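>>> This is a predicted model, with the sequence first.
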Amino acid sequence: MVFVAFFIVLYGIMMFGMIFTAQQSLNLAAQDAARKALQWQVGANHMQLRADAARGVALQQADWITNVSGAQLGVAVCGSSGPLSVTEGAACSGQTLANDQIEVIVSYPYGAFPLIPSLPLIDGAMVPAQLQARASVRLSDLAVNGGA
């Protein structure tokens, strides 16, 4: 009886730790991707080039999740007109964006592809169906637009 209680507590700590680590990795991937979108790109299609670069960085930063779980991450890089660069299964948040704003959303279906096996009794109570992170940047120069 003591072993069962100890095992459930230990398992809960490990599961929460893996969920927390995966969520923080998604946050870092979204933030780094948004920073990558700030890099200057030459040409008329600079927004598409920024979006493709941002998507690549997001996938690279969180690739350990794909390696461990086997699930593909969803990455959506969106502008004011909608999706600019999207992986399969990803979508924009639907929030209104400014013309010079880029949004990066990174998602992972944790419920379908858990990092550690789920126990039947704990599965529905502690395991989120999906982990998601969002970051956005404004590309405008504040000095040009009258900012401080």
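Now that the structure is in, tell me what you want to look at. Residues are numbered from 1 along each chain as shown.
>>> and the spatially most central residue of the chain, helix, strand or coil?
Geometric centre of the chain, nearest residue: residue 106, 2.2 Å, by Cα atoms, centre = their mean. Put simply, residue 106 is strand when judged by DSSP: H, G, I helix; E, B strand; the rest coil.
>>> isn't it right up against residue 133?
Yes: between residue 106 and residue 133 there is a contact under Cβ atoms under 8 Å: 5.0 Å. Bear in mind the C-beta positions are built from the backbone N, C-alpha and C, glycine included.
>>> Quick check: neighbours shared by the two?
Taking Cβ atoms under 8 Å, 6 or more residues apart in numbering as the contact rule, residue 106 and residue 133 both touch 26, 29-30.
>>> Most neighbours of all these, which one?
With neighbours taken as other Cβ atoms under 10 Å, the top of these is residue 30, carrying 27 neighbours.
>>> The closest residue to residue 86 other than its chain neighbours and residue 135, how far apart?
Spatial nearest neighbour of residue 86, chain neighbours left out: residue 76 (4.8 Å); criterion: Cβ to Cβ, 6 or more residues apart in numbering. From residue 76 across to residue 135, the span is 12 Å (Cβ to Cβ, to the nearest Å).
>>> the more surrounded of the two?
When neighbours are counted by other Cβ under 10 Å, residue 76 and residue 135 differ, and residue 76 comes out ahead with 24 against 21.
>>> From the chain's centre, how far out is the helix or strand residue 5 falls within? Work that out for me.
Element membership for residue 5 (DSSP states H and E) is helix 2-37. On the basis of Cα atoms, centre = their mean, to the nearest Å, the separation between the geometric centre of helix 2-37 and that of its chain is 13 Å.
>>> average model confidence for that helix?
Regarding helix 2-37, the rounded mean pLDDT is 92.
>>> Ok, stretch 40-47 next?
Per-residue scores along stretch 40-47 average to 83.
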